[in-house]
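Engineer: sequence? don't have it. structure:
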Ligand code: MN
Ligand code: MN
């Protein structure tokens with residue numbers, strides 16, 4: 001069957017989806033080819049449209065679509081670091097890890113874990129977009145199945161809470177569970193940007209009790225993104241590390257589209273520079289979570305999220321290349 005419109009002879013470069021006009025085509029993450037063929041994939045971009053673990057304003061299940069849409073604005077060359085992720089690795093959009101039982105949280109998490117186990121077992125490095133932050137736990141169950149990993153966690157909340165209204169697996173508790181399950185080495189975990197009001201003064205006590213480095217927002221503002229990056233590098237060291245980015249770490253002025261905003265956060269440029277300063281670490285997977293388009297006038301949150309995801313993809317690409325060489 002021949003295509004309706006043959007490849008362009010006038011502009012041969014347009015055979016590369018990265019070169020096609022940004023406004024055209026079907027939305028995939030960064031205009032990457034959509035496939036479910038893991039043998040043709042090095043780095044898999046995956047949507048996880050699940051927000052059954054949200055404790056307050058829901059809507060992050062719509063995050064993957066919104067980030068895909070805004071990610072078409074990003075280009076193939078990272079002007080700050082020189083990384084060209086789509087030239088260096090086979091980066092593919094693997095579609096969504098959609099959930100057959102979205103109203104049964106434990107079942108949904110088991111489905112997510114199963115999906116990511118298939119991806120990881122095939123040797124593909126996953127970069128996901130949620131979804132609420134509860135999805136990081138089943139992803140870690142796959143990524144850290146064979147050994148505990150370190151983690152760089154950027155968020156307004158430490159997400160190391162416990163039982164809430166009868167569930168231990170909501171989006172405020174994934175990293176306590178991950179430590180208990182032996183997925184995270186807590187002394188190789190740093191949490192950056194923590195702030196806001198709490199109902200219990202010891203709500204995030206597990207973080208420090210287990211040995212995590214907590215770098216609250218006040219310290220971040222006093223000492224800056226470069227200090228935070230140096231601390232992250234010191235804490236996680238040279239071993240395998242997972243990166244989890246909660247969009248509510250950004251200031252609500254630059255990321256209003258999220259379920260649990262907290263005033264006085266990280267700016268987009270600080271977040272971009274913090275991520276760029278993490279080059280060279282052995283990242284084995286990453287996610288961006290909590291983009292809720294229903295609260296996102298002007299799509300600024302999804303756009304900033306896509307821009308951060310691009311930096312994260314560059315870090316993952318560099319780590320993937322380093323492991324291969
Ligand atoms: Mn979170
Ligand atoms: Mn958060």
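Structural biologist: That came through fine. Predicted model, so just to flag it, every value in this text is computed and none were measured. Ligands and ions are numbered 1, 2, ... in the order given.
Engineer: need the residues of this protein near ligand 2, please.
Structural biologist: 155, 156, 157, 246, 248 (C-beta under 5 Å from the ion). In short, each C-beta sits where N, CA and C put it, glycine included.
Engineer: how about a cut-off of 6 Å?
Structural biologist: For the chain, the residues in contact with ligand 2 (C-beta under 6 Å from the ion) are 155, 156, 157, 246, 248, 260, 290.
Engineer: quick check: the first one touching residue 249?
Structural biologist: By that I understand residue 155. Yes - if you go by C-beta atoms under 8 Å, residue 155 and residue 249 touch, sitting 5.0 Å apart.
Engineer: more neighbours: these two, which one.
Structural biologist: Using other C-beta atoms under 10 Å as the criterion, residue 155 and residue 249 rank with residue 249 on top: 28 against 24.
Engineer: now that one: how far from residue 265?
Structural biologist: When distance is defined by C-beta to C-beta, to the nearest Å, residue 249 is 6 Å away from residue 265.
Engineer: list the helices and strands the longest helix seen in the chain packs on?
Structural biologist: Ranked by residue count, the top helix of the chain under DSSP state H comes out as helix 300-324. Helix 300-324 sits against strand 43-48, helix 63-71, helix 85-88, strand 125-130, strand 240-246, helix 268-276, strand 282-289, with contacts defined as 3 or more C-beta pairs under 8 Å, 6 or more residues apart in numbering; DSSP states H and E.
Engineer: that older thread, in helices, which of the residues of the chain next to ligand 2 appear?
Structural biologist: Assignment to helices by DSSP H places none of these there.
Engineer: just the closest of those residues to residue 114, please.
Structural biologist: Of all these, residue 114 sits closest to residue 290, with 22.8 Å by C-beta to C-beta.
Engineer: give the contact list for that closest one.
Structural biologist: 60, 63, 130-133, 171, 246-248, 258-260 (C-beta atoms under 8 Å, 6 or more residues apart in numbering).
Engineer: which bits of the stretch 151-300 of the chain sit near ligand 1?
Structural biologist: 155, 157, 159, 246, 290.
Engineer: same deal with the stretch 1-150 of the chain?
Structural biologist: Close to ligand 1, as judged by C-beta under 6 Å from the ion, the stretch 1-150 of the chain has residues residue 133.
Engineer: for ligand 2, what is the nearest residue in the stretch 1-150 of the chain?
Structural biologist: residue 133 (6.3 Å; C-beta to the ion).
Engineer: can you get me a residue count around that residue?
Structural biologist: Neighbour count for residue 133, taken as other C-beta under 10 Å: 30.
Engineer: tell me the SS of the nearest residue to it once chain neighbours are set aside?
Structural biologist: Excluding the flanking residues, the one nearest residue 133 by C-beta to C-beta, 6 or more residues apart in numbering is residue 171, at 4.1 Å. Three-state assignment for residue 171 (DSSP: H, G, I helix; E, B strand; the rest coil): coil.
Engineer: look up how far residue 1 lies from residue 171.
Structural biologist: Taking C-beta to C-beta as the measure, residue 171 falls 45 Å from residue 1.
Engineer: try residue 152
Structural biologist: Relative to residue 1, and taking C-beta to C-beta, residue 152 is found at 47 Å.
Engineer: overlap of the contact sets of residue 155 and residue 249?
Structural biologist: Counting by C-beta under 8 Å, 6+ apart, the shared contacts of residue 155 and residue 249 are 192, 193.
Engineer: I figured residue 135 hits residue 128, correct?
Structural biologist: Yes - contact criterion C-beta under 8 Å: residue 135 and residue 128 qualify, at 7.2 Å.
Engineer: can you list residues touching both of these two?
Structural biologist: Residues touching both residue 135 and residue 128 (C-beta under 8 Å, 6+ apart): 48, 287.
Engineer: looking at those two, which one has more neighbours?
Structural biologist: Neighbours were tallied for residue 135 and for residue 128 using other C-beta under 10 Å; the higher tally belongs to residue 135 (32 against 28).
Engineer: for that one, which non-adjacent residue is spatially closest?
Structural biologist: Excluding its sequence neighbours, the residue lying closest to residue 135 (C-beta to C-beta, 6+ apart) is residue 48, at 4.7 Å.
Engineer: surely the one you found is in contact with residue 126?
Structural biologist: No - using C-beta under 8 Å, residue 48 is not in contact with residue 126; the gap is 9.8 Å.
Engineer: the two - which one has more neighbours?
Structural biologist: More neighbours surround residue 48 than the other of residue 48 and residue 126, with 30 against 24 (other C-beta under 10 Å).
Engineer: can you name the residues that contact the more buried one?
Structural biologist: So residue 48 contacts 64, 96, 97, 112, 128, 129, 130, 131, 135, 139, 287 (C-beta under 8 Å, 6+ apart).
Engineer: apply 10 Å and report the result again.
Structural biologist: Applying C-beta atoms under 10 Å, 6 or more residues apart in numbering, one finds that residue 48 lies in contact with 60-61, 63-64, 96-99, 108, 112, 115-116, 126, 128-132, 134-136, 138-139, 287, 289.
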